[in-house]
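Visitor: Output the structure for:
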Amino acid sequence: MKSSLFICFLMCVAVWSKADPAPARQDAAAVAAPARESSWQDMKRLDFTVAGRPALVIVPDKPLPGNSWIWRTEFFNAFPAADIALAKKGFHIGYINMENMYGSPDAMKLMDAYYDYMTREYRLDPKPVLEGLSRGALFAFNWASRNPEKVAGLYVDAPVCDFKSWPGGKGTGKGSPEDWKRLCQAYRLTPEQALAYKKNPVDTLLPLAKAKIPILAVVGDDDDTVPVSENTAVVEKKYRKLGGPIRVIHKPGVSHHPHGLLNPAAIVNFAFRAAGAVPPVRVVCIGDSITFGAGSNREERWSARLQNALGEKYEVFNLGISGTTLQSKGDSPYTAKDNYTIARQIEGDIILIALGTNDSKPANWKNAAAFSRDYETMIKELRTGNPKAEIYCLLPVPAYPGNYGIRDSIIRGEVIPAIRKVAGKAKCRVIDLYTPMKGEGSKVPDKVHPNGAGHAIMAQHIYKAITGRKMPE
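Guide: Numbering: from 1, shown residues only. Model prediction:
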């Protein structure tokens with residue numbers, strides 16, 4: 001783990017000067033240096049020192065009301081996708097360097113000083129969301145258990161929840177002897193005392209549960225550095241028993257790295273809700289090359305037109321992949337793609353399934369029963385990951401009469417009736433794109449993919465189905 005994190009720091013993190021252990025808690029304004037301004041991801045970055053330690057804040061272009069913020073406790077700028085997305089949506093990003101302090105009592109004093117400074121001088125929300133990647137979870141959990149009234153929520157990723165597991169290596173994980181030695185020094189414990197220590201995150205969940213602080217944990221199921229069974233699984237079981245709200249997102253086949261999700265939308269959604277802000281309504285577009293927009297410019301695609309018409313209170317995700325089939329035994333099944341994993345993790349409010357065109361190819365189409373069975377499975381899996389989502393089944397557009405092996409006769413005569421039947425059984429709404437595009441062959445130049453004008457027709461019908469209103473001009 002040490003070597004991996006060192007690489008992350010070389011790639012992602014500016015070099016920080018070392019500082020002495022934290023002093024006793026004191027007036028934050030007296031220990032903070034003036035800020036130096038620079039840029040991070042095209043947003044304002046302010047660097048300064050608090051209690052002698054390098055610190056920073058990312059200031060969003062349009063801060064959310066109340067100045068919501070997420071506090072990265074370790075490894076600033078490593079695996080930053082969630083932080084970037086949150087900052088672009090109005091969150092401040094906070095960080096103070098506490099390298100090699102492992103969530104120790106001295107680190108808690110630093111966090112107190114930083115919190116005081118940020119809430120007073122920058123007027124940030126008195127309840128930040130804490131973000132702990134790997135060992136960063138030691139800081140997040142420990143400070144939250146001491147200050148539950150000052151925490152909106154915890155997002156932890158491959159989290160160390162018991163330092164006997166990592167860096168101690170006293171379970172099934174690899175451990176890190178050098179980090180274990182440094183941790184014992186940071187906590188001022190002998191190795192024997194550290195093994196008997198009763199204030200690891202797995203031991204101090206009661207204050208968080210009493211305060212009903214939500215926890216989101218993201219874990220790789222094959223993590224052999226910070227084993228899930230010794231860390232997150234223990235926290236999950238205890239926290240649920242204590243009545244605390246927790247969600248764990250599992251990443252099958254993934255080890256300790258990479259942190260985060262293929263798309264950070266679920267993390268963003270969690271932070272918004274924890275902070276009491278209203279997240280955008282998420283519209284997830286699942287489909288093939290027609291959804292992706294082959295044959296049209298990016299801004300002409302029906303998903304882009306839908307985003308423009310719905311406005312900033314909505315966020316439309318185009319997860320279309322060219323050539324994909326709905327059927328799991330097709331020549332390129334959508335369910336085998338990363339975008340399908342994203343669709344299940346993204347916590348969509350509205351899911352639009354626009355598949356079936358490539359299933360009409362001779363090599364793919366066997367019978368309606370196989371197609372229907374896989375369609376039902378997809379709906380079930382999407383509902384498992386997105387329990388509150390409203391799912392729409394889109395009927396494919398016509399082929400004229402076809403190209404690339406795609407057959408309009410199968411689309412019209414077998415695919416569409418199967419979709420209608422599945423939608424009725426699963427209580428999903430149907431959006432008919434076949435009828436409004438019938439007779440519009442001039443808008444489908446290659447006989448399969450609508451051009452910009454064709455996408456405009458599709459967007460109008462999808463918009464009306466979602467909102468009940470005519471799409472604005």
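Visitor: from here on, contacts and neighbour counts on C-alpha atoms
Guide: Fine.
Visitor: Sketch out the strands for this structure, chain order is fine.
Guide: 36-40, 43-50, 53-59, 69-72, 92-96, 129-133, 153-157, 215-220, 246-251, 281-287, 314-318, 350-354, 390-395, 429-432 (DSSP state E).
Visitor: So what's the residue count around the nearest residue to T204 once chain neighbours are set aside?
Guide: Using C-alpha to C-alpha, 6 or more residues apart in numbering and skipping the chain neighbours, the partner closest in space to T204 is S145 (6.4 Å). Summarising burial for S145: neighbours were counted as other C-alpha atoms under 10 Å, giving 21.
Visitor: Enumerate every residue touching S145.
Guide: If you count contacts by C-alpha atoms under 8 Å, 6 or more residues apart in numbering, S145 has them with T204, L205, L206, P207, L208.
Visitor: Export those as TSV, with columns for distance to A271.
Guide: Shown next, in TSV, are these (distance: C-alpha to C-alpha, whole Å):
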residue	distance to A271
T204	22
L205	20
L206	22
P207	20
L208	16
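Visitor: Among those, which are located in helices?
Guide: Members of those lying in helices (criterion: DSSP state H): L206, P207, L208.
Visitor: Out of those residues, which comes closest to A277?
Guide: L208 (20.5 Å; C-alpha to C-alpha).
Visitor: gap between stretch 264-283 and the chain center?
Guide: 9 Å (C-alpha atoms, centre = their mean, to the nearest Å).
Visitor: wait, I meant stretch 380-390
Guide: With C-alpha atoms, centre = their mean, you get 16 Å for stretch 380-390.
Visitor: mean confidence score for it?
Guide: Averaging pLDDT along stretch 380-390 gives 93.
Visitor: list the buried ones in that stretch?
Guide: L382, R383, G385, N386, A389, E390 (16 or more other C-alpha atoms under 10 Å).
Visitor: List the residues that contact the fourth one.
Guide: Residues near N386 by C-alpha under 8 Å, 6+ apart: R344, Q345, I346, E347, G348, D349.
Visitor: Out of those, give me the one that has the most neighbours.
Guide: G348 (31 neighbours).
Visitor: Could you check how far the residue nearest to that residue when sequence neighbours are not counted is from I462?
Guide: What sits nearest to G348 in space, not counting adjacent residues and going by C-alpha to C-alpha, 6+ apart, is R282, at 4.9 Å. Using C-alpha to C-alpha, to the nearest Å, R282 is found at 15 Å from I462.
Visitor: Between these two, which is the more surrounded one?
Guide: Between R282 and I462, counting by other C-alpha under 10 Å, I462 is the more crowded of the two (24 against 20).
Visitor: What about the closest residue to that one other than its chain neighbours, how many residues nearby?
Guide: Leaving aside its sequence neighbours, I462 sits nearest to I431 (C-alpha to C-alpha, 6+ apart; 6.7 Å). Using other C-alpha under 10 Å, I431 has 22 neighbouring residues.
Visitor: Also the one 3 residues further on?
Guide: Residue crowding around Y434 was assessed by other C-alpha under 10 Å; the count is 18.
Visitor: try Y404
Guide: 11.
Visitor: Just among the ones in helices among the contacts of S145, which is most surrounded?
Guide: Going by other C-alpha under 10 Å, L208 tops the ones in helices among the contacts of S145 with 26 neighbours.
Visitor: you'd agree that one is up against A140?
Guide: No - if you go by C-alpha atoms under 8 Å, L208 and A140 don't touch, sitting 11.4 Å apart.
Visitor: Which residue ranges of the stretch 101-250 of the chain form helices?
Guide: For the stretch 101-250 of the chain, the helices defined by DSSP state H, counting those that start in this stretch cover 105-121, 136-146, 177-187, 191-195, 206-210, 232-241.
Visitor: of all these, which lies closest to A368?
Guide: helix 232-241 (41.8 Å).
Visitor: So, low pLDDT: which residues of this structure?
Guide: Applying pLDDT under 70 to the chain picks out residues 1-33.
Visitor: repeat that with 50
Guide: 1-26, 28-30 (pLDDT under 50).
Visitor: isn't A158 right up against D222?
Guide: No - using C-alpha under 8 Å, A158 is not in contact with D222; the gap is 10.5 Å.
Visitor: Pairing partners for Y155 in the sheet, please.
Guide: In this entry, Y155 is beta-bridged to E131, L216, by DSSP bridges.
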